[in-house]
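Student: only geometry, no sequence info:
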């Protein structure tokens, strides 16, 4: 479950959750709470998409991108978060990068991939695409609880799995997995013996 209603920052990649993606009614209720300043501090929405979707039109910032390049952007955001030490103290970077740390993501620094995304220069007030990436990374990491959502067009290309893995890595990086306002995992079955039922029958 994507706990949009309790998030302070939503970073969405291709998931047009205010229109047709998965469960629009559920997301619209959560979005109403997300935007309601009386419910909480008004949340910030950044939407990455190759088209100007319904969700993009409601976002604080729409980042246009070439189809299939979303994973590169997500890993570039991860690079900035690690490089600038913006992750919570409880996050183990070695576990998330197989012990390689920032070296694993060196090819995805904003300066390396900024020109590969198909994102126009000077988008959303930034002077360059690398500057935009760093701004989004800092915002995402500094507004907990923050949630990154990937779906729709982001998973529809031949490298869709790579894209979605990169997007959902961001939730681990800012400590939003299993947390209010983040990605809530399915609960354990009420009867523990049923946990392996599908494997044994």
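Tutor: Great, that's in hand. Treat the numbers as computed from the prediction; the structure is a model and nothing was measured.
Student: For this protein, name the helix or strand with the lowest mean pLDDT.
Tutor: The weakest-scoring helix or strand in the chain, judged by mean pLDDT, DSSP states H and E, is helix 197-200 (a mean of 52).
Student: mind checking the SS state of the residue nearest the centre of the chain?
Tutor: Centroid-nearest residue in the chain, with CA atoms, centre = their mean: residue 148, separated by 2.1 Å. Here residue 148 is recorded as strand under DSSP: H, G, I helix; E, B strand; the rest coil.
Student: Surely it touches residue 13?
Tutor: Yes: Residue 148 is in contact with residue 13 according to CB atoms under 8 Å; the separation is 7.1 Å. Every C-beta, even on glycine, is put in place using the N, C-alpha and C of the backbone.
Student: Who are the contact partners of residue 70?
Tutor: If you count contacts by CB atoms under 8 Å, 6 or more residues apart in numbering, residue 70 has them with 13-14, 48, 150, 153-154, 163, 166-167.
Student: now do residue 51
Tutor: Per CB under 8 Å, 6+ apart, neighbours of residue 51: residue 153.
Student: Please repeat the previous calculation with a cut-off of 10 Å.
Tutor: Residue 51 makes contact with 14, 16, 62, 64-65, 67, 152-153 under the criterion CB atoms under 10 Å, 6 or more residues apart in numbering.
Student: Scan these and report the most crowded one.
Tutor: When the contacts of residue 51 are compared by neighbour count (other CB atoms under 10 Å), residue 14 ends up highest, at 29 neighbours.
Student: State the phi and psi torsions of it.
Tutor: Backbone torsions for residue 14, taken as degrees, to the nearest 10, come to phi 70, psi -10.
Student: And residue 61, by the same measure?
Tutor: Note on residue 61: its backbone torsions stand at phi -140, psi 130 [degrees, to the nearest 10].
Student: Over to residue 49?
Tutor: Torsion angles, degrees, to the nearest 10, at residue 49: phi -160, psi 150.
Student: residues near it, how many?
Tutor: 23.
Student: how close does the closest residue to residue 67 other than its chain neighbours sit to residue 122?
Tutor: In this structure, residue 67 finds its nearest non-sequential neighbour in residue 50, 4.6 Å apart by CB to CB, 6 or more residues apart in numbering. For residue 50, the distance to residue 122 equals 18 Å [CB to CB, to the nearest Å].
Student: again with residue 18
Tutor: Distance of residue 18 to residue 122, given as CB to CB: 26 Å.
Student: Likewise for residue 137?
Tutor: Residue 137 is 18 Å from residue 122, where distance means CB to CB.
Student: do the same with residue 89
Tutor: Here residue 89 is placed at a distance of 36 Å from residue 122 (CB to CB).
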